[in-house]
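Undergrad: the sequence and its predicted three-dimensional model are supplied below.
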Amino acid sequence: MNVQDAKTILGIKQGNITLEELKKIFKKKMLYWHPDIAVNNCISAAEATAKSQNIILAYEILSENLDSLEESTYKYNYETYHSYRTPSSRNYKQYYDYSIDSIDENFINRITLKSSNVKWIDYIEDLEILVVRFKNSSVYYLYFDVPVSVYQSFQRTDSPGKFVSQYLHRYKYESHNKYADWLNVYKSLSDITND
């Protein structure tokens, strides 16, 4: 996405625009396309998510350097833009925690996240279970009936801790302080069926 794409997505026709005007346009668009709101307008969650991600990206590209953007500067999509952006405005430290304990070693497909409080996530796709391990915690959490799209969004989020509080509270969960017996059975069955 470049600057002209961003202007098109937000419906901006004039050349110069103030940050306040941009914020108003952004909020109006998000009030319609936010996935939690769009379902009331008979819009699918997938379509609303894709559209809102483009709106967010367009807003961030235009607001970051409103007066000095060049049309050819940005060629990002939603995922790559957030990895490009530096977290200089944050007042907390995000880092990867690669330490491994007895719980971690059992989740061989875990994805370590750069976060202030989430250590890693894993997903058991055929059971729709999202596994979350927080930093400095002796337990992990299993969230049930989580669609793969939520897991994919979690991988791309700029703020994993915020994602947990905003999106995962609606799913049933339980915590464990050791690798659950049924997970051992599941893993064994998976090893057999994958051979």
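TA: Received the coordinates, thanks.
Undergrad: the residue nearest to V148 when sequence neighbours are not counted and S190: what is the separation?
TA: Of all residues not flanking V148 in the chain, E125 sits nearest, at 6.1 Å (Cβ to Cβ, 6 or more residues apart in numbering). To be clear about C-beta, it is placed using only N, CA and C from the backbone, and glycine gets the same treatment. Per Cβ to Cβ, to the nearest Å, E125 is found 10 Å from S190.
Undergrad: now for K29, how many residues are close by?
TA: By the criterion of other Cβ atoms under 10 Å, K29 has 20 neighbours.
Undergrad: to clarify, my last question referred to Y96.
TA: As a burial measure, Y96 scores 11 neighbours (other Cβ under 10 Å).
Undergrad: would you list the phi and psi of it?
TA: Dihedral pair for Y96: phi -90, psi 140, per degrees, to the nearest 10.
Undergrad: about what we covered before: from what I see, the residue nearest to V148 and P147 are in contact.
TA: No - taking contacts as Cβ atoms under 8 Å, E125 lies outside contact range of P147: 10.1 Å.
Undergrad: between those two, which one's more packed in?
TA: The residue with more neighbours, out of E125 and P147, is P147; 13 against 9, by other Cβ under 10 Å.
Undergrad: ok, L142 - contacts?
TA: By Cβ atoms under 8 Å, 6 or more residues apart in numbering, L142 lies in contact with I129, L130, V131, Y173, E174, S175, H176, A180.
Undergrad: SS state for it?
TA: Secondary structure assignment for L142 (DSSP: H, G, I helix; E, B strand; the rest coil): strand.
Undergrad: specify the beta-bridge partners of it.
TA: L142 has these beta-bridge partners by DSSP bridges: V131, E174.
Undergrad: that one and S165, how far apart?
TA: Taking Cβ to Cβ, one finds L142 at 17 Å from S165.
Undergrad: mind checking what helix or strand follows the lowest-mean-pLDDT helix or strand in the chain in sequence?
TA: One helix or strand of the chain scores below all others by mean pLDDT, DSSP states H and E: helix 78-84, with a mean of 51. Using DSSP states H and E, the helix or strand that follows helix 78-84 in sequence is strand 111-112.
Undergrad: who does the helix or strand that that following strand is followed by touch, helix- and strand-wise?
TA: Once the chain leaves strand 111-112, the next helix or strand it forms, by DSSP H and E, is strand 118-124. Contacts defined by 3 or more Cβ pairs under 8 Å, 6 or more residues apart in numbering; DSSP states H and E place strand 118-124 against strand 111-112, strand 129-134, helix 148-156, helix 160-167.
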